[in-house]
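Trainee: Sequence plus predicted model, see below.
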Amino acid sequence: MDSLKNKNAELDSLMPLMREQLAAGGTVTFSPRGVSMLPMLRQGRDTVTLSPLKGRLKKYDLPLYRRDNGQYVLHRIIRAGDTYDCIGDNQYQVEHGVRHDQLIGVVSSFSREGRTVKVTSFKYWLYCRFWCLRRSVRMTLRRIFKRKNKDKN
């Protein structure tokens, strides 16, 4: 729990600069922490570039937002309406009701091992559709593997 507080404290101290840069139309690049966006984003290895918000976001966009409890989150939108439903690629619990006023910026690209992938690329488009559409399959496989490992122990 202390590491979560530390992550929020670090982002809290950087957030005024990040918001200023985004408000001026610039971009912000940082290394996300955590495992919720695996396999796409790996902690300590990959970076993401945030761009300013330009109106309402849509399904598959990847915003950085701040929860009402102060926690910063980088998760994918799986439903866009009056509010957004978001989930990490490595998660199974959907977060409902993310408001537009909670959004800080949206990922425009990410870098891995010196290669930059833009969210407008076909490869990224394909990944998003495949990964999101296969969530129910992944959930079933996860249950099977958990059960299998539990039986071994």
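Mentor: Cool, the structure landed.
Trainee: Where does pLDDT dip in this structure?
Mentor: With pLDDT under 70 as the threshold, the chain has low-confidence stretches at 1-9, 135-136, 138-139, 142, 148-153.
Trainee: which strand in this structure runs the most residues?
Mentor: strand 103-112 (DSSP state E).
Trainee: Following element in sequence after it, please.
Mentor: In the C-terminal direction, the helix or strand that comes right after strand 103-112 (DSSP states H and E) is strand 115-118.
Trainee: Relative to that following strand, what are the paired strands and their orientations?
Mentor: Strand 115-118 pairs in its sheet with strand 103-112 (antiparallel), by DSSP bridges.
Trainee: List the contacts of the partner strand.
Mentor: Identification of contacts with strand 103-112 by Cβ atoms under 8 Å, 6 or more residues apart in numbering yields 15, 18-19, 22, 27-29, 40-42, 45-53, 57, 61-66, 72, 74, 116-119. C-betas here are computed from N, CA, C, even on glycine.
Trainee: buried subset of these?
Mentor: The neighbour-count test (16 or more other Cβ atoms under 10 Å) marks 18, 22, 28, 40-41, 46, 48-52, 57, 61-66, 72, 74, 119 as buried among the contacts of strand 103-112.
Trainee: Counting only helices, which of these make the cut?
Mentor: Judged by DSSP state H, the buried ones among the contacts of strand 103-112 include 18, 22 as members of helices.
Trainee: Just the ones of the buried ones among the contacts of strand 103-112 in strands?
Mentor: Restricting the buried ones among the contacts of strand 103-112 to those inside strands, with DSSP E as the criterion, leaves 28, 48-51, 63-66, 72, 74.
Trainee: now, the most widely separated pair of the residues you listed?
Mentor: Farthest pair in those (Cβ to Cβ) is 49 and 66. Separation: 18.6 Å.
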